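**Student:** Quick one, structure for this:
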Amino acid sequence: MKAVRFFWPLVLIAGAALAQAGVDALIKFDKTNVTLGKIKQNKPVTVKFSFSNPGNRPLIIADATAECGCTSPEFPKKPIAAGGTGIIIVTYDAKEAGVFTKRVTISLVNVKETKVLTLTGEVVK
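**Tutor:** As a prediction, the model looks like this:
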């Protein structure tokens, strides 16, 4: 009976630890923020965000959503095997002059938490 009383708290603690690990335990990016500096107006810029799957199960990206139409993300549609790597390509269409911050939200299948990739810089004429 003492073993049962000891066992259940350990199960709850382990479960809480896994829940707290969140998206960062499932997908690791080399970088999540890229500063582009000054870029020319009307010249789209493409950035590659490399990532890995440090988990022990396949990683599936459900969606990559840009906050505006001037930013277009492309992401792998097939599962990334445990220990595998992938690339998310983000293209920013620099039509408007001025300082910018553009975000792309990455959603994983069966994970509530999201990951945000950010591009910053200044579009010059």
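**Student:** what are the ranges of the strands in the protein?
**Tutor:** Secondary structure of the chain, counting by DSSP state E: strands at 28-29, 33-40, 45-52, 61-66, 71-74, 85-92, 98-108, 114-124.
**Student:** Output those in JSON lines, with mean neighbour count, distance to Gly22 and mean pLDDT appended to each entry.
**Tutor:** Every residue, glycine included, has its C-beta placed from N, CA and C. Compiled in JSON lines, the strands of the chain are given as follows (neighbours: other Cβ atoms under 10 Å; distance: least, Cβ to Cβ, whole Å; pLDDT from 0 to 100):
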{"stretch": "strand 28-29", "mean neighbour count": "16", "distance to Gly22": "12", "mean pLDDT": "96"}
{"stretch": "strand 33-40", "mean neighbour count": "13", "distance to Gly22": "19", "mean pLDDT": "96"}
{"stretch": "strand 45-52", "mean neighbour count": "16", "distance to Gly22": "15", "mean pLDDT": "97"}
{"stretch": "strand 61-66", "mean neighbour count": "16", "distance to Gly22": "15", "mean pLDDT": "97"}
{"stretch": "strand 71-74", "mean neighbour count": "16", "distance to Gly22": "21", "mean pLDDT": "97"}
{"stretch": "strand 85-92", "mean neighbour count": "18", "distance to Gly22": "18", "mean pLDDT": "98"}
{"stretch": "strand 98-108", "mean neighbour count": "16", "distance to Gly22": "10", "mean pLDDT": "97"}
{"stretch": "strand 114-124", "mean neighbour count": "17", "distance to Gly22": "9", "mean pLDDT": "97"}
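**Student:** residues contacting Phe100?
**Tutor:** For Phe100, the contacting residues are 92, 94, 119-123, by Cβ atoms under 8 Å, 6 or more residues apart in numbering.
**Student:** What does the pLDDT read for Gln20?
**Tutor:** According to the model's per-residue confidence, Gln20 sits at a pLDDT of 44.
**Student:** for Ala25, same thing?
**Tutor:** The per-residue confidence score, pLDDT, reads 86 for Ala25.
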